[in-house]
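In: next comes the sequence, and after it the predicted model I'd like to discuss.
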Amino acid sequence: MIELSLDGQLLRVAQGTTVAAALYLGGDGNSRTSVSGQRRAPFCGMGVCQECRVSIDGQRRLACQTLCRTGMQVETQA
């Protein structure tokens, strides 16, 4: 199992889990808030739609294309 931080909460996931899947396993499944205030979640799952943008270790990344690593710090845009 891999341990990472999701919005400050410790989360354990299986090796090979994407950050997008971890959003569903450890939270509400949403990755960001739109400019109109609506919560957004991963949509296409292949990096085209950009809806899964999160901050990973201080860098803006696509959750659907990023595998979880031990110690990773993931922050959604609330």
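Out: Noted; the coordinates are in hand.
In: Arg40 bridge partners, please.
Out: According to DSSP bridges, Arg32 are recorded as the beta-bridge partners of Arg40.
In: that one touches Leu23, doesn't it?
Out: No. Applying C-beta atoms under 8 Å, one finds Arg40 not in contact with Leu23, separated by 10.9 Å. The C-beta positions use only the backbone N, C-alpha and C, and glycine is treated the same way.
In: with neighbour numbers in mind, choose between the two.
Out: The neighbour comparison of Arg40 against Leu23 (other C-beta atoms under 10 Å) goes to Leu23, with 24 against 17.
In: excluding chain neighbours, what is closest to the more buried one?
Out: Sequence neighbours aside, Gly29 is the residue nearest to Leu23 in space, at 5.3 Å (criterion: C-beta to C-beta, 6 or more residues apart in numbering).
In: count of residues packed around Ile56?
Out: Neighbours of Ile56 under the rule other C-beta under 10 Å: 19.
In: quick one: contacts for it?
Out: By C-beta atoms under 8 Å, 6 or more residues apart in numbering, the contact list for Ile56 reads Val19, Ala63, Thr66, Met72, Gln73, Val74, Glu75.
In: if we use 6 Å, what do you get?
Out: Neighbouring residues of Ile56 by C-beta atoms under 6 Å, 6 or more residues apart in numbering: Val74.
In: confidence score at it?
Out: Note for Ile56: predicted pLDDT of 97.
In: beta partners for it?
Out: Here Ile56, judged by DSSP bridges, has bridge partners Gln59, Val74.
In: number the residues from 15 up from this point.
Out: Yes, from this point I'll number from 15; that puts the last item at Ile70.
In: where does the protein dip in pLDDT?
Out: 92 (pLDDT under 70).
In: what segments of it are strands?
Out: Under the criterion DSSP state E, strands of the chain are mapped to 16-20, 23-27, 46-47, 53-54, 67-70, 73-76, 87-89.
In: if you compare these, which one is most tucked away?
Out: Of all the strands of the chain, strand 67-70 has the most neighbours on average by mean count of other C-beta atoms under 10 Å, namely a mean of 19.
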